[in-house]
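Participant: next input, structure requested:
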Amino acid sequence: MPTAVGTNGAMTPGRQCLDTAEGVLIALRHCTVDEAFREMIRAAQHHRVPLFTLADALVTAASGKGECVNAAARTAVLTEWGALLGTSTSARL
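Facilitator: Numbers count the residues shown, from 1 in each chain. This next block holds a predicted model:
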């Protein structure tokens, strides 16, 4: 999978968040990076949420810090991974 980089050669914030979200899924599902990425793509398409928005919502839910402002992304995360993240996830989103 190609890495998105900015003009200064650093990874873009969206790409960093996507990598972190993939890590969350790898930890929860014990899957490969490719499997996590495909799951994120599938969920984004299924729920009609931009991939980076969904990734941000998943990272927010997993970290328990902050609040997801995108209602569709919040719903997608709860539907797809709420059970894996624990019962208090809805309170964190």
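Participant: what mean pLDDT would you report for the lengthiest helix in the chain?
Facilitator: Longest helix in the chain by number of residues (criterion: DSSP state H): helix 13-29. Taken as a whole, helix 13-29 has an average pLDDT of 95.
Participant: show me what the helix or strand following that helix is packed up against.
Facilitator: Sequence order places helix 33-47 as the next helix or strand after helix 13-29, per DSSP states H and E. Other helices and strands packing on helix 33-47, by 3 or more Cβ pairs under 8 Å, 6 or more residues apart in numbering; DSSP states H and E, are helix 13-29, helix 51-63, helix 71-85. Quick note: C-beta positions are derived from backbone N, CA and C, even for glycine.
Participant: could you redo the last one with a cut-off of 6 Å?
Facilitator: helix 13-29, helix 71-85 (3 or more Cβ pairs under 6 Å, 6 or more residues apart in numbering; DSSP states H and E).
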